[in-house]
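[1] I would like the atomic coordinates for the input below:
(chains A, B and C)
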Amino acid sequence: MNNRLKNNIFKYWAISCTLFGIAMLLIFLINIVIDGVGRIDWNFITDLPSRKPELAGIYTAIMGTVWILGLTAIIAIPIGVAAGIYLEEYGKKSRFANILEINITNLAGIPSIIYGILGLEVFVRMFGLGNSVIAGALTLSLLILPIIIVATREAIKAVPKTIREASFALGATKWQTISQQILPAAGGGVVTGVILALSRAIGETAPLIVVGALTYVPFVPQSPMDQYSVLPMQIFNWISRPEKEFATNAAAAIIVLLLITFIMNGFAIYLRNRWQKKVKW
Amino acid sequence: MSYKLTADHVNVWYGNFHALKDISIRVRPNTVTAFIGPSGCGKSTFLRLINRMNDYIDGFRMEGHILIDEKNIYAKRVRVEELRKEVGMVFQKPNPFPKTIFDNVVYGLTIRGVKDKHTLEEACESSLRQAALWDEVKDNLKKSALALSGGQQQRLCIARTLAVKPTVILMDEPASALDPISTAKIEDLIAELKQHYTIIIVTHNMQQAARISDRTAFFYLGELVEFDTTVNIFTAPKEEKTQSYITGRFG
Amino acid sequence: MKKRNEKIIEFFLALSGAITVLTTIGILWVLLYESVLFFKEVSVVEFFTDTQWTPLFSDKHFGILPLISGTILTSFIAILVALPIGLSIAVYLNEYAHPKIRQTIKPVLEILAAIPTVVYGFFALTVVTPFLQTLIPSLAGFNALSPGIVMGIMIIPLISSLSEDALYAVPKSLREASYGLGATQFQTSFKVLVPAASSGIIVSVILAISRAFGETMIVAVAAGLEPRLTLDPTVPIATITTYIVQVSMGDVPQGSLEFKTIFSAGMMLFVFTFILNTISARVKKKFYHKYE
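    Next up is the predicted model:
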């Protein structure tokens, strides 16, 4: 039957599409590994960058990444979680909360490079922070704030209303109920969302370029006001060089970056599964 | 004789919906009062007035007075958290916190700043005994409350309520989600508890009301149709509507 | 006493929320302010009609069209790849695949979305471009085709995930009615489900376009940095985003006209993506409202 035939043709087409996506992923990863794994050794990780590809390492880039990630986490997590709590627990019907909600959805769709432009004008120039780690961290914080807020809200939403009722009926205040019942119960979901947000921040390059992350940094940042580079920047820099050996370096650095990213994502998903099991209503 | 709870011409609106119409009732201390009536008649709404759980509902408005121990619980200076120490509530579906049994029972105390381990442990044991749960859980209070059976969870919720030493206990269909054996246990419990507490229980199970309560109030479409001793309500009701309801003509 | 503490806590929580509003206001203000200054020196007409964008050269032209064409060209190629593939995957997972397969495949596809974009850029430059050059010998080392395709691959999970959610939201009754009349899965999917879920699917496409417009690194690595008003995918081009990167990495003095071009270009990008996001939000609201 013609219909049967069409059905099967589409089925195999669709399966091919699915396999295409997975195949691309595999080709891609295998390619990177072949290109770069040979270059990875302890020296690669601990060497400073250099004009000679064989001597160049990712040490300063990794330290820069650690700095940026640390500062971003310190800034974004409290603000994001607090805002999420406010939207979910306090502001429910107010016009202010409505505006916030629409606003956050909007922010999530703005290209990351625009955050870079914002950071450039406000943090780098107006606040006079120059192209320092703190300026980069503040910029990235604004970028991932919507992600953390949404994750917090979803986690809080998942806590059954009955828990809230029981707490109030025993005479707890709103904040006692939030801090002693809701947040602990929602904690796993929040942590998962935070880790996912941070793993997104690790891979961001464009906004950091705009706020002045350097491509060649032969030192490790010692304070938030220092200049810095990050792993994706280093990769970008090496890709842009014509020498083939730098391409190898880039591949090796990519492997490190991907490892970090996958470990973070994997950990977040593991946490989510454990949390969902523990809190079975 | 002083009454434990007095409601005086109470009217409740949710937005434009007139949920409770001119309710006046007086409850004596150390009694069990049952609220019966078909779904949507307002009995749960009225119950929730007593510990002010309706305060959280959009568009809620009340007129009239509710007094506990002669004091107006809706007065401006009344602190809701204090009220809920006096008046405890047990819900239809058991809702233990996802914490240990011990933490569940003492929660009402810890949020009020009680830190002394000894005090907490004593309160825990006393409450669990009163709730007829102690023997079943005493060996492992650190077990998660969610691991208990439905009936046990509900008794845990009762223990949790008792731990703050209220004088009034509100129960909103406490056994309707439980099996018959657990239900029987809870009913026995209520009979025990009434020696020390004033209990008001909402139930859609008329036989249950007949078994455990001293007085019964019949609600219908937001009105308090009749309030009398349980014996009278079920054998010689004065109102026709009451008669129709208890004989099952509508429900 | 306690009541005051509660109020204070609420205030600080609200303050945290307000920071997001400040962010939006900040973005708008920065872009508008600097753009206004920019347009004091460059006429709006020239900005929108000049076919050359050469602010960094000695012969300065400030026509935004080449950047816009670059952006649209790469995004178009990306959607050309991602839409058929993503939609087919969505239909397959929704209607054909065993739930276990669905459970396994979905997270694997999400991995595609988690990879940092600079890594995709590397892939485009070192693997895809050489491969394409065997098929199209005239393909330049830097071009729009390669990053376009790779962007498409990156966006596949976006379209497949959202479209699948939209398909899932279609009431079972429609599905049963179609099968009850003897339709195949293919017919049910494309004659009944996809039309019913069309708004949700459109939302996913709009969001994908918006994502593609804002993409920077893949294009920055693999497309070169030559603003060019063209629809030819085989030559180097520049997009709004890659231009911004180029200027940021250079030695353009802050406060100069050349520097201000970042903001006027950024303004364009913001306006485009804002319009797309707003449309998609409206469509989404109407769609899910339909099925409540």
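[2] what about the chain, any weak spots by pLDDT?
    No chain in the question, so chain A it is. Where chain A drops to pLDDT under 70, the residues are A:1, A:278-281.
[3] that's the wrong chain, I wanted chain C
    C:1-2, C:289-292.
[4] and chain A, what are its domains?
    Per the record, chain A has its domains at A:1-39, A:41-278, by automatic domain parsing.
[5] and residue 173, how many neighbours does it have?
    All of this refers to chain A. Look at residue A:173: counted by other CB atoms under 10 Å in any protein chain shown, it has 19 neighbours. The way it works is simple: take the backbone N, C-alpha and C, and place the C-beta from them, glycine included.
[6] Sorry, I should have been clearer: chain C.
    Neighbourhood size, residue C:173 [other CB under 10 Å]: 8.
[7] for residue A:84, what are its contacts?
    Residue A:84 makes contacts with A:148-153, A:156, A:190, as judged by CB atoms under 8 Å, 6 or more residues apart in numbering or on different chains.
[8] ok, for it, nearest residue in space, not its chain neighbours?
    In space, and not counting its chain neighbours, residue A:84 is closest to residue A:152: 2.7 Å by CB to CB, 6 or more residues apart in numbering or on different chains.
[9] Double-check the one you found against residue A:186; I have them as touching.
    Yes. Here residue A:152 reaches residue A:186: they are 7.4 Å apart, a contact under CB atoms under 8 Å.
[10] what ranges do the strands span in chain C?
    In chain C, no segments count as strands under DSSP state E.
[11] For the residue nearest the centre of chain B, what is the enclosing helix or strand?
    For chain B, residue B:170 is the residue whose C-alpha lies nearest the centre (CA atoms, centre = their mean; 1.4 Å). Per DSSP states H and E: residue B:170 is located in strand B:168-172.
[12] Over to residue B:175. Which of the three states is it?
    coil (DSSP: H, G, I helix; E, B strand; the rest coil).
[13] before we move on, the earlier item: what sits against the residue nearest to residue A:84?
    A:80-81, A:83-85, A:88, A:186, A:189-190, A:193.
[14] any idea how far the residue nearest to the centre of chain B lies from chain A?
    Separation of residue B:170 from chain A (CB to the nearest CB, to the nearest Å): 8 Å.
[15] Now do the nearest residue to that residue once chain neighbours are set aside: how many residues are near it, please.
    In space, and not counting its chain neighbours, residue B:170 is closest to residue B:89: 4.5 Å by CB to CB, 6+ apart. By other CB under 10 Å, 25 other residues sit near residue B:89.
[16] my read is residue B:89 is in a helix, agree?
    No. If the criterion is three-state DSSP, then residue B:89 is strand and not within a helix.
[17] That one against residue B:53, yeah?
    Yes. Using CB under 8 Å as the test, residue B:89 is close enough to residue B:53 to be in contact (7.0 Å).
[18] Could you work out the most separated pair of the contacts of residue A:84?
    A:148 and A:156 (12.5 Å; CB to CB).
[19] Pick out whichever of these two has more residues nearby.
    residue A:148 (26 against 21).
[20] wait, what's in contact with the more buried one?
    Residue A:148 neighbours (CB under 8 Å, 6+ apart): A:76-77, A:80-81, A:84, A:193-194, A:197.
[21] Tell me which of those fall in strands.
    Among the contacts of residue A:148, no member falls in strands (DSSP E).
[22] Tell me the one of those nearest residue C:31?
    Among those, and counting by CB to CB, the member closest to residue C:31 is residue A:76, at 22.7 Å.
[23] Roughly how far does the residue nearest the centre of chain A sit from residue A:140?
    Centroid-nearest residue in chain A, with CA atoms, centre = their mean: residue A:200, separated by 2.0 Å. Using CB to CB, to the nearest Å, we find residue A:200 at a distance of 9 Å from residue A:140.
[24] Repeat that for residue C:81.
    Where residue A:140 is concerned, residue C:81 sits at a distance of 29 Å (CB to CB).
[25] next one: residue B:24
    For residue B:24, the distance to residue A:140 equals 63 Å [CB to CB].
[26] For the two, indicate the residue with more neighbours.
    residue A:140 (31 against 13).
[27] Give me the buried stretch members for the strand or helix carrying that one, please.
    If you go by DSSP H and E, residue A:140 is part of helix A:133-157. Residues A:133-156 are the ones in helix A:133-157 that count as buried (16 or more other CB atoms under 10 Å in any protein chain shown).
[28] cool, and stretch C:167-177?
    Buried residues in stretch C:167-177, counted by 16+ other CB under 10 Å: C:167, C:170, C:175.
[29] How much space separates the residue lying closest to the second one once chain neighbours are set aside from residue C:86?
    If you skip the residues right next to it in sequence, residue C:170 has residue C:196 as its closest partner in space, 4.6 Å away by CB to CB, 6+ apart. Distance, residue C:196 to residue C:86, using CB to CB: 18 Å.
[30] Residue C:257 now?
    The spacing between residue C:257 and residue C:86, counted by CB to CB, is 42 Å.
[31] For the two, indicate the residue with more neighbours.
    residue C:86 (29 against 16).
[32] So the more buried one versus residue A:163, what's the distance?
    Residue C:86 sits 39 Å away from residue A:163, taking CB to CB as the criterion.
[33] Now for residue B:89 and residue B:53: what residues contact both?
    Both residue B:89 and residue B:53 are contacted by residue A:169, under the criterion CB under 8 Å, 6+ apart.
[34] out of the contacts of residue A:152, which one sits closest to chain B?
    Using CB to the nearest CB, residue A:186 comes nearest to chain B of those, at 10.7 Å.
[35] Neighbours of that closest one, how many?
    26.
[36] Let me see the contact set for it.
    So residue A:186 contacts A:152, A:155-156, A:158-159 (CB under 8 Å, 6+ apart).
[37] Which of the residues in whatever helix or strand it lives in are classified as buried?
    For residue A:186, the element it lies in under DSSP H and E is helix A:183-202. For helix A:183-202, a neighbour-count test (16+ other CB under 10 Å) marks A:183, A:185-186, A:188-202 as buried.
[38] picking up where we left off before, for the buried residues of stretch C:167-177, give me JSON lines that also has distance to residue C:58.
    JSON lines is the format used below for these (distance: CB to CB, whole Å):
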{"residue": "C:167", "distance to residue C:58": "55"}
{"residue": "C:170", "distance to residue C:58": "59"}
{"residue": "C:175", "distance to residue C:58": "65"}
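[39] Return the residues of chain A in contact with chain B.
    Taking CB under 8 Å from any CB of the partner chain as the contact definition, chain A meets chain B at A:93, A:160, A:162-163, A:165-173, A:176, A:180-181, A:184-185, A:278-281.
[40] ok, and of these, which contact chain C?
    residue A:173.
[41] can you pull the contacts of residue C:31?
    Residue C:31 makes contacts with A:114, A:117, C:263, C:266-267, C:270, as judged by CB under 8 Å, 6+ apart.
[42] Can you tell me the closest non-neighbouring residue to it?
    In space, residue C:31 is closest to residue C:267, 4.5 Å off (CB to CB, 6+ apart).
[43] That neighbour is in contact with residue C:35, isn't it?
    Yes. Proximity of residue C:267 to residue C:35 meets the contact threshold set by CB under 8 Å, at 4.6 Å.
[44] quick one, which of these two is more surrounded?
    Neighbour count, other CB under 10 Å: between residue C:267 and residue C:35, residue C:267 has more, with 23 against 20.
[45] What separation do you get for the more buried one and chain B?
    42 Å.
[46] Tell me how many other residues crowd the closest residue to chain B within the stretch 1-150 of chain A.
    Nearest residue of the stretch 1-150 of chain A to chain B (CB to the nearest CB) works out as residue A:93 at 7.2 Å. Number of residues near residue A:93 (other CB under 10 Å) recorded here: 7.
[47] Could you do residue B:138 as well?
    Around residue B:138 there are 13 residues (other CB under 10 Å).
[48] show me the residues around it that make contact.
    B:125, B:128.
[49] Phi and psi next, for residue B:17.
    Per-residue torsions, residue B:17: phi -80, psi 120 (degrees, to the nearest 10).
[50] any residues touching stretch B:192-202, and which ones?
    The contact list for stretch B:192-202 (CB under 8 Å, 6+ apart) reads B:4-5, B:27-35, B:43-44, B:47, B:50, B:130, B:132, B:162, B:166-174, B:190, B:209, B:212-214.
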